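Asker: using only what follows, build the 3D model:
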Amino acid sequence: MRRLVLMRHAKSSWGDPGLDDHDRPLNKRGKLSADALGDWLRSQTIVVDEALVSSSARTVETLQRLGIDCDRQVLDQLYHAGSGDMLKALKTRATGQTVLMLGHNPGIAWFARDLMLAQPDHTRFEDYPTGATLVARFDIDDWNALQPGTGRFEAFVTPRDLIE
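Answerer: Got it, this is the predicted structure:
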């Protein structure tokens, strides 16, 4: 069995209009959200052993604030990747039992929908807001065997579920 934690980065700052999109950091709410998501993962006893992370500043900062001690791959190919790109990265790069993939919309929302056998009953699953996190399990022994439409729902949460 393999488990995927599919997370959109936490809320980022638009405070510096001269900053390139790739370099935007988290804002105050994003930092609080990432901290809360890390606490939630620990409370659910979800132990991530590998992370595949977009190379943007906001995804890397989200990962740092989660407080997860695991192997990390920071990948340019996940910056604004589509569903197919994410599937390819997971199949060719991931080796861990429980993998965190941290990326961006709209690709991460598309990927979440494509992966699942049935979609979670959560009002925010469709739009996948910042910090949205899906936990899904797959009855495979190797990520290379991953196929769309085979994910079994374990959990879905947004920062607002945890903070407000």
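Asker: which other helices and strands contact the longest helix along the chain?
Answerer: Counting by DSSP state H, the longest helix found in the chain is helix 28-43. Packed against helix 28-43 by the contact rule (3 or more C-beta pairs under 8 Å, 6 or more residues apart in numbering; DSSP states H and E) you find helix 57-66, strand 133-138, helix 159-163. Placement of C-beta: from N, CA and C, glycine included.
Asker: between the ones you listed, which gets nearest to residue 29?
Answerer: helix 159-163 (7.9 Å; C-beta to C-beta).
Asker: ok, back up a step: can I get the longest helix of the chain in PDB, CA atoms only?
Answerer: Listed next in PDB are the C-alpha coordinates belonging to helix 28-43 (Å, rounded to 0.1, in the frame of the first residue of the first chain):
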ATOM      1  CA  LYS A  28       0.800  35.800   7.900                       C
ATOM      2  CA  ARG A  29      -2.300  33.700   7.400                       C
ATOM      3  CA  GLY A  30      -0.300  31.200   5.300                       C
ATOM      4  CA  LYS A  31       2.300  30.700   8.000                       C
ATOM      5  CA  LEU A  32      -0.500  30.000  10.600                       C
ATOM      6  CA  SER A  33      -2.200  27.700   8.100                       C
ATOM      7  CA  ALA A  34       1.000  25.700   7.400                       C
ATOM      8  CA  ASP A  35       1.700  25.400  11.100                       C
ATOM      9  CA  ALA A  36      -1.900  24.100  11.700                       C
ATOM     10  CA  LEU A  37      -1.600  21.600   8.800                       C
ATOM     11  CA  GLY A  38       1.600  20.200  10.300                       C
ATOM     12  CA  ASP A  39      -0.100  19.800  13.700                       C
ATOM     13  CA  TRP A  40      -3.100  18.200  12.000                       C
ATOM     14  CA  LEU A  41      -0.800  15.600  10.100                       C
ATOM     15  CA  ARG A  42       0.800  14.700  13.400                       C
ATOM     16  CA  SER A  43      -2.600  14.400  15.200                       C
END
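Asker: what's it in contact with?
Answerer: If you take C-beta atoms under 8 Å, 6 or more residues apart in numbering as the criterion, helix 28-43 is touched by 5, 7, 9-13, 26, 48, 58, 61-62, 65-68, 130-131, 133, 157, 159, 162-163.
Asker: any of those residues buried? List them.
Answerer: By the neighbour-count criterion of 16 or more other C-beta atoms under 10 Å, the contacts of helix 28-43 include these buried positions: 5, 7, 9-13, 26, 48, 58, 61-62, 65-66, 68, 130-131, 133, 157, 159, 162.
Asker: before we move on, the earlier item: quick one: which of the helices and strands packed on helix 28-43 is nearest residue 99?
Answerer: The minimum distance between residue 99 and those falls on strand 133-138, with 10.3 Å, by C-beta to C-beta.
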